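Asker: Predicted model and sequence below, questions to follow.
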Amino acid sequence: AAARGYDLDGVARVAARANAMTRTFGAAFDGCTLPGQDGPLFTVPPGTMELGLGIHGEPGLRRVPAQDPAGLADVLVETLLPELPEAVGRRVAVLLNGLGQTPYEDLFICYDRVHRRLAEAGIAAHRPEVGEFVTSLDMAGLSLSLMVLDDELADLYGEPCQSPAFTMTPVAETAPPRPRTAPRAAATAEEPSG
């Protein structure tokens, strides 16, 4: 917004709106260990997970049986959907964030299910991001953030940016497909008539 020439009040307005339109929920399978400490801030018993953890290493709000990545996606989406503010335009920016020790394969399996669940709810995922953006040292877990977009937020969200923590490149223009040419038939010699 600032790069586009918004004044300070305009920048503050869209930043406050982006914050108000965002909801995040996460799960941990194990706590993080602070540098210099012998053990993690909290532990999660095998076969369970903590829901509603804090990004600074705080334990979750409740402990439940562990889920596979697809099952965890269901828990995250079912928790966040009722909490979303007005669903202007029925599209959301999606950030699926690994907390430091979650394999990327699990993140992508989880995102596939998140995407399908949002589509079933009539919500389009806008420029989804999957990866480690804000980690909690070596915590095993992930968080899902959804930001409901209006036209202004969607337009600003798509702007290129570069920072130490996050870079977004411009959306590439897709070229129309080139027409396919039929392969040339091999020339055949005529058989002599006889």
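Answerer: Thanks, I have the structure now.
Asker: Flag every buried residue along the longest helix along the chain.
Answerer: Counting residues, the longest helix in the chain under DSSP state H turns out to be helix 104-120. For helix 104-120, burial by neighbour count (16 or more other C-beta atoms under 10 Å) applies to 106, 107, 109, 110, 111, 113, 114, 115, 117, 118. For glycine as for every other residue, the C-beta is placed from the backbone atoms N, C-alpha and C.
Asker: Reformat these as TSV; add distance to residue 26.
Answerer: Conversion of the buried residues of helix 104-120 to TSV gives the following (distance: C-beta to C-beta, whole Å):
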residue	distance to residue 26
106	14
107	12
109	17
110	12
111	14
113	16
114	13
115	18
117	16
118	17
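Asker: how about residue 109, what does it touch?
Answerer: 68, 69, 70 (C-beta atoms under 8 Å, 6 or more residues apart in numbering).
Asker: 6 Å instead, please
Answerer: residue 69 (C-beta atoms under 6 Å, 6 or more residues apart in numbering).
Asker: dump the residue contacts of the residue nearest the centre of the chain.
Answerer: Residue closest to the average C-alpha location in the chain (C-alpha atoms, centre = their mean): residue 95, at 2.5 Å. Contacts for residue 95 (C-beta under 6 Å, 6+ apart) come out as 129, 145.
Asker: So it: helix, strand or coil?
Answerer: strand (DSSP: H, G, I helix; E, B strand; the rest coil).
Asker: Mind jotting down where the helices sit in the protein?
Answerer: Counting by DSSP H, the helices of the chain are 8-20, 69-80, 104-120, 151-157.
Asker: Export these as JSON lines, with columns for mean pLDDT and distance to residue 63.
Answerer: Shown next, in JSON lines, are the helices of the chain (pLDDT from 0 to 100; distance: least, C-beta to C-beta, whole Å):
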{"stretch": "helix 8-20", "mean pLDDT": "97", "distance to residue 63": "29"}
{"stretch": "helix 69-80", "mean pLDDT": "94", "distance to residue 63": "13"}
{"stretch": "helix 104-120", "mean pLDDT": "95", "distance to residue 63": "19"}
{"stretch": "helix 151-157", "mean pLDDT": "92", "distance to residue 63": "34"}
